[in-house]
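K.L.:
Build the 3D model from these lines:
(one chain, ligands or ions: 1)
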Amino acid sequence: MPDDVVTMDKIVSLCKRRGFIFPSSEIYGGLGSSYDYGHYGVLLKTNVKGQWWRSMLQEREDVVALDSAIIQHPKTWEASGHLAGFTDPLVDCRTCKLRFRADRLEDARCGRKPSKHPGETSECDLTEARDFNLMFQTTVGPIKEEGATVYLRPETAQGIFLNFKHYLQFSRKKPPFGIAQIGKSFRNEITPGNFVFRTREFEQMEMEFFVPPDEAQRWFEHWVAERLDWYIRLGIRADHLRLRPHEQDELSHYSSATSDVEYDFPIGWSELEGIANRGDFDLRAHAEHSGQKLEYVDTASGARYVPHVIEPAAGADRATLAFLVDAYDEDEIEGEARTVLRLHPLIAPIKVAVLPLVKKDGQPELAREIYRDLRERVQAEYDEGGAIGRRYRRQDEIGTPWAVTVDHQSLEDRTVTLRDRDRLAQERIAIGDLADELERRLRAPWRSPKETAAEPS
Ligand code: GAP
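P.N.:
Purely as a prediction, here's the structure:
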């Protein structure tokens, strides 16, 4: 099985065809790099976020949850350094009127001659680079007066720092402990692109882990390993993931060390998630700007300190894209081409499809009865329209790991066939055992069939 049949174009096309993700406001011609998630996209991204929450909240006892406001007090961004420093260098081309990131010219195409990079042709006329702040501004209240300017948050992290004091009071946690949140962030990216890889509106999954200063390095290493392992546990092929420590000159203003988890996308190795050692930068900055004490006081010893922070910061859309890319495959069944998403069952939008073989002889009625039972336990779908082969193909394309087929025998002995998306095996199973069997399979360890197929036999 060739490893690299996937391209970004194939992912974009499948996402549109099957209603995962498509351009937003298309009836008005679209708004570049703005996307809507359809039914299966919502289910898929919800599963990605659900697994992240699970790994943070359910599988550990030292992380608690938060959902903070998108619009924060504007001083937040003064303290965090975003107002002064959250900028990208921007250049305009006076000839083609396009704008580019000055530090990414080698990734951009000239507006007149797309085979060239901006600045490479004699006609290119680039301005000097100037700093462009990526935060979206808006106004609170009906009058655009001074003092009412606010910003859409460019990261969810700051909402966590603003609430640190509350959490010390009510969460009964003390360092080391973390606060996790998922939510939308906004950045007026100069060059968004590559589908949902870089957009101006996106969801982040961030956790700030507060630790005693002398434990920071140990926790940094813990979270780097933990986050890499999360993607592998959910079926992303290990040889398509890597860690890349940042060089000193690429560290953010708040970070003393950062390692990126990178995925080998069709556009090349790119950041999925960053794990940063933010030190005490944020708590000290907010303490200074707010006049509040943001420190931990040990009631037993009286010792006080400003905790250091380890931050795993992931993108929900980027992770969703990585799951799609990693799962995309093509093969042949009985001479017919098939596109299949080999998603980990926990990530797959639909876990089981229930299909009557024919739309008569009591089969639809029994299939609906099974569907109603199964959907109590797992995300299920009922489909009775069209030839059975076409219905299997449709479920393969949206990544459904199992299909239950009701046939004439089902009405006689209350058994059905259970089809496996990857092995294509069909086993006969009693209707009464179905739900338990599906839940057992969902919990079983799983490896991508693309990975095992690539191994030497
Ligand atoms: N609080 C730290 C922070 O925001 P970041 O590396 O700028 O760090 C974290 O963002 C993650 O958010 C990235 O690794 C990426 O997955 C996602 N992300 C950032 N900008 C994005 C964009 N414009 N579109 C989609 N995802 C983005």
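
K.L.:
CA only for contacts and neighbour counts going forward, please
P.N.:
Noted.

K.L.:
which residue sits closest to A65, ignoring its sequence neighbours?
P.N.:
A180 (4.9 Å; Cα to Cα, 6 or more residues apart in numbering).

K.L.:
In its sheet, which strands sit next to the helix or strand where that neighbour lies, and in what direction?
P.N.:
According to DSSP states H and E, A180 maps onto strand 177-186. Under the criterion DSSP bridges, strand 177-186 sits next to strand 63-65 (parallel), strand 201-211 (antiparallel) in its sheet.

K.L.:
Identify the residues contacting the shortest one?
P.N.:
In this structure, residues lying in contact with strand 63-65 by Cα atoms under 8 Å, 6 or more residues apart in numbering are 56-57, 171, 177-181, 209.

K.L.:
Apply 6 Å and report the result again.
P.N.:
Strand 63-65 has contacts (Cα atoms under 6 Å, 6 or more residues apart in numbering) with 57, 177-181.

K.L.:
how far out from the middle of the chain is stretch 260-274?
P.N.:
With Cα atoms, centre = their mean, to the nearest Å as the basis, stretch 260-274 stands 12 Å off its chain's centre.

K.L.:
ends of that stretch, how far apart?
P.N.:
Counting by Cα to Cα, to the nearest Å, you get 4 Å between the two ends of stretch 260-274.

K.L.:
now swap in stretch 288-303 and tell me
P.N.:
20 Å.

K.L.:
can you check stretch 290-303 too?
P.N.:
End-to-end distance (Cα to Cα), stretch 290-303: 23 Å.

K.L.:
buried ones in that stretch?
P.N.:
294-296 (16 or more other Cα atoms under 10 Å).

K.L.:
quick one: average pLDDT of stretch 431-444?
P.N.:
Regarding stretch 431-444, the rounded mean pLDDT is 97.

K.L.:
Please apply the same query to stretch 233-241.
P.N.:
Mean predicted confidence for stretch 233-241 is 97.

K.L.:
if you look at that stretch, does any of it touch the ligand?
P.N.:
No - shown here: stretch 233-241 not in contact with the ligand (Cα under 6 Å from any ligand atom), separated by at least 13.5 Å.

K.L.:
what's around E221, how many residues?
P.N.:
For E221, the neighbour count with other Cα atoms under 10 Å is 14.

K.L.:
For it, give me the pLDDT.
P.N.:
On pLDDT, E221 comes in at 97.

K.L.:
do the same with C110
P.N.:
91.

K.L.:
residues in contact with it?
P.N.:
By Cα under 6 Å, 6+ apart, the residues touching C110 are 116-118.

K.L.:
next one: Q363
P.N.:
Contacts for Q363 were tallied using Cα under 6 Å, 6+ apart; they are P356.

K.L.:
Phi, psi for it please.
P.N.:
Backbone torsions for Q363, taken as degrees, to the nearest 10, come to phi -70, psi -40.

K.L.:
between the contacts of C110, which is closest to R101?
P.N.:
Taking Cα to Cα as the measure, R101 lies nearest P118 of these, at 10.1 Å.

K.L.:
In terms of helix, strand or coil, where does that closest one fall?
P.N.:
Per DSSP: H, G, I helix; E, B strand; the rest coil, the local secondary structure of P118 is coil.

K.L.:
Please list all residues in contact with it.
P.N.:
Counting by Cα under 6 Å, 6+ apart, P118 has contacts 109-110.

K.L.:
Quick check, pLDDT for it.
P.N.:
Looking at P118, its pLDDT reads 94.

K.L.:
The protein against the ligand: which residues are in contact?
P.N.:
Counting by Cα under 6 Å from any ligand atom, the chain sits next to the ligand at 155, 157, 197-200, 202, 204, 271-274, 313-315, 318.

K.L.:
can you rerun that using 5 Å?
P.N.:
With Cα under 5 Å from any ligand atom as the criterion, the chain meets the ligand at residues 155, 198-199, 272-273, 313-315.

K.L.:
Could I get the buried residue list for stretch 249-256?
P.N.:
So stretch 249-256, judged by 16+ other Cα under 10 Å, has buried residues S255.

K.L.:
and it, how far apart are its ends?
P.N.:
11 Å.

K.L.:
what residues does it touch?
P.N.:
The contact list for stretch 249-256, computed with Cα under 6 Å, 6+ apart, reads 277-278, 281.

K.L.:
got the phi/psi numbers for the spatially closest residue to R112 that is not a sequence neighbour?
P.N.:
Excluding the flanking residues, the one nearest R112 by Cα to Cα, 6+ apart is C96, at 6.5 Å. C96 adopts backbone torsions of phi -100, psi 0, taken as degrees, to the nearest 10.

K.L.:
roughly how far apart are C96 and Y254?
P.N.:
Taking Cα to Cα as the measure, C96 falls 37 Å from Y254.

K.L.:
tell me the pLDDT at G159?
P.N.:
For G159, pLDDT reads 98.

K.L.:
Can you convert the contacts of C110 into CSV and add a column each for distance to T191?
P.N.:
Formatted as CSV, these follow (distance: Cα to Cα, whole Å):
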residue, distance to T191
K116, 17
H117, 14
P118, 13
